[in-house]
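A.B. asks: Sequence first, then the predicted structure:
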Amino acid sequence: MFLTISTTGTPERPATDLGYLLHKHPDRAQTFSTSHGTAHVVYPEASVERCTAALLLEVDPVALVRRGKGKGRGGAPDAALAQYVNDRPYAASSLLAVALSTVFKSALRGVCAALPERAESPLPLRIEVPAVPARGGAELVGKLFGPLGWTSVDAQPVALDEQFPQWGDSRYVQLVLEGELRLADALRQLYVLLPVLDDAKHYWVAPDEVDKLLRAGEGWLAEHPEQKLITSRYLARRWSLTRQAMERLELVRLAEADDIEVEAIDNAVEEIPAESDESPKKEPSLADQRREAILRALRDAGASTVLDLGCGQGQLVQALLKDVRFTHIVGVDVSVRALTIASRRLKLDRMSERQAARVTLTQGALTYTDKRLKGYDAAVLSEVVEHLDLPRLPALEYAVFGTARPRTVIVTTPNVEYNVRWETLPAGHVRHGDHRFEWTREEFRAWAEQVGVRHGYGVAYVPVGPDDPEVGPPTQMAVFTDNTTKEGKTA
Ligand code: SAH
């Protein structure tokens, strides 16, 4: 197994800096023992203009078989034989990935004490792997490396036998990547994607592989269009691990999007007069009116335990705490920042024990079912659904109405028809940069009706804010009530 990394340079930025970045001196051939054999690092070329490091892994097939069978001595003899004649010794695969991570550990982490600034910046790179087993062929190689910033991704199918072209191609490709990337990013991509391409299920996937995947995937995996395939193959199609990884990636993605979101909220807050405004004549803000409408609906429903899903900075949780009929309140949000602000607002650290026992703030993604959300009287989704991409909405619907199943669910969302009444809103614009959509009253009702039918909830609609005869109210609210429990369906 063989992989080369090349870069070019100038007298000011010599190519031989690669030696520092990889923590391997260009003048010396070095040997390392890894769990599957011996790895060698040599530099076929090391000049100011051009420098190439080669990683060669000599796999010990016998050791591989022994490892493959674990500690036990069993195993059918023919299976053992199959191990001897397999392609592991010369094909780049997960073993090469393991060797990469062992031999270039610091480089993978982007650590370089000697040249920290070089480690942080993109270099002209050319990476070549002569034989990559690729289930999915050159096309999949393009899909995997294509979105990762390379200027050229080339995967040439390797013929089964050059003497006999009529035999067609083997399942190997010759991979060449060219572009300007940070070395650590390039290595971390290879560490994940080589085994993904190989898709062999020969090594044990321990639960800490999820951590390894997320660490190596930092900065690129959360946004990768083939994220699901990558995650599932990397984790050897173990569904529970794949799900775990996907959920955590979703948290990363949402948290990143949310940083922009919270910033937007912060900016917007500056323009709104302070909440503790002393003049009592002042019209309550739309947010206040919304909160009041939600509290009223919760009281009418007789709810004591309440989930505030997408609680943001905790204003509703704060209002709920002031009313003792609400015995337990759980605020859930994907954004750690919002939760931190919420906990400060509530002064959680200074709360009496009894009061603190009534409230929980927790991080979670609402598009994933969550056992912790079962068994509550009511759930509130206040100005949350419009923050999800429409295709993600069924997942939230299933998690809330299908799995958590509180007796009452309250959903509020902007009524887009009302936008013409906002003087400051340019025509055709949504109210907030992060809103993925805003619904008309008809669209909202069509959605709510469907949800009710699919999950056995009746729906009532309540206008929030001035109900304009032409365009309706600024906020629309739906109150869902479970109608399956009353009709004798035991839980
Ligand atoms: N409910 C609050 C905040 C609304 S802003 C209010 O009415 O004022 C929308 C909130 O939903 C944000 O805090 C955002 O972090 C959160 N959110 C968006 N998508 C989410 C998801 N998939 N899972 C959990 N929270 C999400």
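C.D. replies: Happy to help now that I have it.

A.B. asks: Next, V420: secondary structure please.
C.D. replies: Following DSSP: H, G, I helix; E, B strand; the rest coil, we place V420 in the helix state.

A.B. asks: What values do phi and psi take at the closest residue in space to it that isn't next to it in sequence?
C.D. replies: Of all residues not flanking V420 in the chain, V471 sits nearest, at 6.3 Å (CB to CB, 6 or more residues apart in numbering). Every C-beta, even on glycine, is put in place using the N, C-alpha and C of the backbone. Main-chain dihedrals, V471, degrees, to the nearest 10: phi -110, psi 0.

A.B. asks: from now on call the first residue 89
C.D. replies: With the count now opening at 89, the last piece we talked about shows up as V559.

A.B. asks: pLDDT below threshold where in this protein?
C.D. replies: 148-180, 248-257, 289-295, 340-370, 574-579 (pLDDT under 70).

A.B. asks: Give me every residue in the stretch 389-538 of the chain lying close to the ligand.
C.D. replies: 398-400, 403, 421-423, 426, 453-455, 470-472, 475-476 (CB under 6 Å from any ligand atom).

A.B. asks: Now, the residues you listed that are in strands?
C.D. replies: Mapping those onto strands (DSSP state E) picks out 421, 470.

A.B. asks: Work out for me the element the closest residue to the ligand within the stretch 189-338 of the chain sits within.
C.D. replies: As assessed by CB to the nearest ligand atom, the ligand sits closest to E338 within the stretch 189-338 of the chain, at 7.3 Å. Taking DSSP states H and E as the definition, E338 sits inside helix 327-359.

A.B. asks: in this protein, which strand has the most residues?
C.D. replies: In the chain, taking DSSP E as the definition, the longest strand is strand 257-269.

A.B. asks: Leaving out chain neighbours, which residue sits closest to Y456?
C.D. replies: Closest to Y456 by CB to CB, 6+ apart is E335, at 5.0 Å.

A.B. asks: what about the one you found, neighbour count?
C.D. replies: 16 (other CB atoms under 10 Å).

A.B. asks: Is it in contact with G452, as I believe?
C.D. replies: No - here E335 does not reach G452: they are 9.2 Å apart, not a contact under CB atoms under 8 Å.

A.B. asks: what do those two both touch?
C.D. replies: Here E335 and G452 have no joint contacts, going by CB atoms under 8 Å, 6 or more residues apart in numbering.

A.B. asks: Check which residues of the longest strand of the chain are buried.
C.D. replies: By 16 or more other CB atoms under 10 Å, the buried positions in strand 257-269 come out as 258-261, 263-267, 269.

A.B. asks: So what angle separates the directions of the helix or strand following that strand and strand 257-269?
C.D. replies: Sequence-wise, the next helix or strand downstream of strand 257-269 (DSSP H and E) is helix 271-286. Relative orientation of helix 271-286 and strand 257-269, computed by axes from the mean of the first three to the mean of the last three CA atoms, to 10 degrees: 160 degrees.

A.B. asks: Put together TSV for the buried residues of strand 257-269, with distance to R206 on each row.
C.D. replies: Formatted as TSV, the buried residues of strand 257-269 follow (distance: CB to CB, whole Å):
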residue	distance to R206
S258	38
R259	37
Y260	33
V261	31
L263	25
V264	23
L265	19
E266	19
G267	17
L269	13
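
A.B. asks: quick one on the thing from earlier: show me what contacts the residue nearest to V508?
C.D. replies: Counted by CB under 8 Å, 6+ apart, V559 has contacts 503, 505-506, 508-509.

A.B. asks: ok so, going back, and the next element down the chain from the helix holding E338?
C.D. replies: helix 374-388.

A.B. asks: Give me the contacts around that following helix.
C.D. replies: 372, 394, 403-404, 407-408, 411, 413-414, 466, 468, 470-471, 496, 498, 500, 550, 552-553, 562-563, 565, 567.

A.B. asks: mind listing what the residue nearest to G267 when sequence neighbours are not counted touches?
C.D. replies: Closest residue to G267 apart from its sequence neighbours, by CB to CB, 6+ apart: W238 at 3.8 Å. Contacts were defined as CB under 8 Å, 6+ apart; by that measure W238 touches 265-267, 269.

A.B. asks: Apply 7 Å and report the result again.
C.D. replies: By CB atoms under 7 Å, 6 or more residues apart in numbering, the contact list for W238 reads 265-267.

A.B. asks: quick check, nearest of those to A304?
C.D. replies: L265 (16.3 Å; CB to CB).

A.B. asks: Could I have the CA atoms of the strand or helix carrying A127 written out in PDB?
C.D. replies: Of the helices and strands defined by DSSP H and E, A127 is found in strand 125-134. Taking Å, rounded to 0.1, in the frame of the first residue of the first chain, the C-alpha atoms of strand 125-134 are listed here in PDB:
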ATOM      1  CA  GLY A 125       2.400  -4.300   9.700                       C
ATOM      2  CA  THR A 126       5.400  -2.000   9.100                       C
ATOM      3  CA  ALA A 127       5.000   1.600   7.800                       C
ATOM      4  CA  HIS A 128       7.900   3.400   6.000                       C
ATOM      5  CA  VAL A 129       8.100   7.100   5.300                       C
ATOM      6  CA  VAL A 130      10.600   8.100   2.600                       C
ATOM      7  CA  TYR A 131      11.100  11.300   0.500                       C
ATOM      8  CA  PRO A 132      11.700  10.400  -3.100                       C
ATOM      9  CA  GLU A 133      12.100  14.100  -3.800                       C
ATOM     10  CA  ALA A 134      13.100  16.900  -1.400                       C
END
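
A.B. asks: Give the pairing partners of that strand; include direction for each.
C.D. replies: Strand 125-134 pairs in its sheet with strand 118-122 (antiparallel), strand 138-147 (antiparallel), by DSSP bridges.

A.B. asks: Cool, thanks, signing off.
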